[in-house]
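Colleague: Sequence first, then the predicted structure, then my questions.
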Amino acid sequence: MNSMADHIVSGYDSDLNELATSLSDLGSLAESMVADAVRSLGRRDDGLARSVIERDVSANRLQAKIDGDAMRILALRNPMATDLRRTIGAIRVATDLERIGDLAEGIAKRAINLNDETRLDMADGVQRMGRQVKTQLSAALNAFLKDDTQAALQIWMADRDVDAMYNVILRGLLNEMAGHPNRINASTALLFAAKNLERIGDHTSNVCEVIYFTRHGRQLIEDDTVRPALHKPA
């Protein structure tokens, strides 16, 4: 009887470990797609941009695998408490990471379009924003692997910095379009790239919320350190 119980526990642990491994793989893939999409924008590198676009298929497959594995765990293992939150969290994080891959693909497509246009000075600002977003995504994935809720809190609050950068870029590109109608196409493509980066920041924040909820069983917004910080100027 003990042998059977040990086998069941071992199988359950194996399922959870495989789920964690797949999530780690998807996170690494999404992170590389964001990094290369931003690099392709700065280097005006069509080949690098196309490699990002091609990787989106792999991201979609990994996300589907994670969903399937998580649903199987829910159906067969009947997880409770932290394990239940971890399994549901895996589905949520996989969805956010797959969406980050989609957004990186969109940036890569805009990068290819921009290679046919005169380079704009605002491209430097978009690249800086891209590096910041990638840094926060990397930190969030590291926090997820380490189950580090304090790091997740800090990354979540830092998303305001990304929003501020986007607003500066938005105003700059709108002024560019108003003053130089011949640059509207390039400005629009760059604005779409910046918006995608802002949305990647939002999905990174979602990952941080999952980290917190998995550990504590309550929403990150309810943390005592969050509410006062949100009322401070960004």
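Modeller: Received it, and whenever you're ready, just let me know what you need.

Colleague: Surely residue 94 touches residue 71?
Modeller: No - the pair formed by residue 94 and residue 71 falls short of the contact definition of C-beta atoms under 8 Å, at 11.4 Å. Bear in mind the C-beta positions are built from the backbone N, C-alpha and C, glycine included.

Colleague: who's more crowded, those two?
Modeller: Per other C-beta atoms under 10 Å, whichever of residue 94 and residue 71 has more neighbours is residue 94, with 25 against 12.

Colleague: which residue sits closest to the more buried one, ignoring its sequence neighbours?
Modeller: Of all residues not flanking residue 94 in the chain, residue 66 sits nearest, at 4.1 Å (C-beta to C-beta, 6 or more residues apart in numbering).

Colleague: how many neighbours does that neighbour have?
Modeller: 25.

Colleague: can you tell me which residues contact it?
Modeller: Listed by C-beta atoms under 8 Å, 6 or more residues apart in numbering, the contact partners of residue 66 are 19, 22, 23, 26, 90, 91, 94.

Colleague: Of the residues you listed - the most surrounded one?
Modeller: Neighbour counts for these (other C-beta under 10 Å) peak at residue 26, which has 27 neighbours.

Colleague: surely it meets residue 64?
Modeller: No - using C-beta under 8 Å, residue 26 makes no contact with residue 64, being 10.4 Å away.

Colleague: mind checking how far whichever strand or helix holds residue 19 is from the chain centre?
Modeller: Per DSSP states H and E: residue 19 is located in helix 2-43. Taking C-alpha atoms, centre = their mean, to the nearest Å, one finds helix 2-43 lying 14 Å from the centre of the chain it belongs to.

Colleague: shaky segments in this structure?
Modeller: Along the chain, the parts satisfying pLDDT under 70 run over 1-11, 227-234.

Colleague: Can you list the residue ranges for helices in it?
Modeller: Shown for the chain, the helices assigned by DSSP state H span residues 2-43, 46-77, 81-114, 122-146, 149-179, 184-216, 226-230.

Colleague: For stretch 30-48, buried residues please.
Modeller: Neighbour-count burial for stretch 30-48 flags 30-42, 44-45, 48 (criterion: 16 or more other C-beta atoms under 10 Å).
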